[in-house]
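> predicted model follows, preceded by the sequence.
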Amino acid sequence: MTLGIETKKLKRTGYLPAFLGGGLLAAAFPLVNMLVRSETFVSLPGDPFQILMDANWQMMAMLNILISICGACMMYHTEYADNGAQKMDVLPVRTGNLFLGKFVIAVLVLAAMVAMETAVLAGCALYWFPAYELTMPDLIKQAGFQWFVTLPTVMLMLVIASACKNMWVSLGIGAILVFTLTIFPQDNLVLSLFPFSSPYQLFAVAKQNSSIPLFLGVCAAETVLFGLIELILQKTRRCVA
C-alpha cells in the first residue's frame, strides 16, 4: 500500500523520466567513447570488460549519483509542497513506511539504471572484442556489486532531503558532497568506503584486493545506520512540532 502511494506521488514529478534519461545518458557514454576512440581501447591488453569499466565507470557512477541526488530532492519536494508532509501526519500511515517506500523505489530504479549501463558495456565488449567471452554470472556479479555500493549514497541523500524543506538546500548539500569526495584519492581504502565515494569502486579492483566482503559489509551497515538516523529525525520532528 505504501509503495503504491509513493508511486502515485511521483507520477507527475518527472521522476521516472529523469532516471530513464540519466540511465540512457550514462549508458551512452561508453558507446560514444568506443565509437570515437575504439583503437585506443582495442589495443590494450587485459580483460575487455574491465578495460571498458576502467575507462568509463567513473563518469557513469557520477551520473548515477547526480541522478540519485535529484531524485531524492524531487521526492521530498512533493512532500513539503503545500504542507503535504503535515497532512500525511494525520493519516493512518507511518512516516517510517513512507520513507522506506521512497528508498525502495529509488533502489529499484537505480538497479534498472545499473542493469542498462552494464548491458551496454557488455555489448561494447562483445562487439569490439569479437574473441571475448562474457558469462552471465560474472556480469550479474559486476552489476550487483556496483548497485550495492551505491545504496548508502541513496539512503544518505534521502535522509538529507527529508531534513530540508527547501529542495535547493538538499540539492546543494548533495552537490557539495559529490565534488568534495570526488577530489579525495579513490585508492585510499578508508575514504573509498564513504558514501558518495563507494559508487566509484570497481568490482575487479575490490576482488583483486580481496576487499569485496569489506565493501559489502560496510555499505550494508552504512545503509542501516542512515535509516536509523532517519527514524530518529522523524521522532525528533514530532516532538518539536
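Perfect, I can see it now.

> so in the chain, where's the weakest helix or strand by average pLDDT?
helix 84-89 (a mean of 56; mean pLDDT, DSSP states H and E).

> and the very next helix or strand once past that one, which residues are buried?
Downstream of helix 84-89, the first helix or strand assigned by DSSP states H and E is helix 95-128. Within helix 95-128, the residues that count as buried by 16 or more other Cβ atoms under 10 Å are 95, 98-103, 105-107, 109-110, 113-118, 120-122, 124-125, 128. Quick note: C-beta positions are derived from backbone N, CA and C, even for glycine.

> so what's Leu231 closest to, chain neighbours aside?
Spatially, and ignoring its direct neighbours in sequence, Leu231 is nearest to Gly96 (5.7 Å; Cβ to Cβ, 6 or more residues apart in numbering).

> contact partners for the one you found?
230-231, 234 (Cβ atoms under 8 Å, 6 or more residues apart in numbering).

> now Leu52
Leu52 touches 30, 34, 41, 121, 124-125, counting by Cβ under 8 Å, 6+ apart.

> and of these, the nearest to Ile183?
Proximity of the contacts of Leu52 to Ile183 (Cβ to Cβ) peaks at Pro30, which lies at 23.8 Å.

> chain center to stretch 22-35: distance?
Taking Cα atoms, centre = their mean, to the nearest Å, one finds stretch 22-35 lying 17 Å from the centre of the chain it belongs to.

> average model confidence for that stretch?
The average pLDDT within stretch 22-35 is 90.

> likewise for stretch 38-58?
Mean predicted confidence for stretch 38-58 is 89.

> buried set for stretch 171-180?
In stretch 171-180, counting by 16+ other Cβ under 10 Å, buried: 171, 173-174, 177-178.
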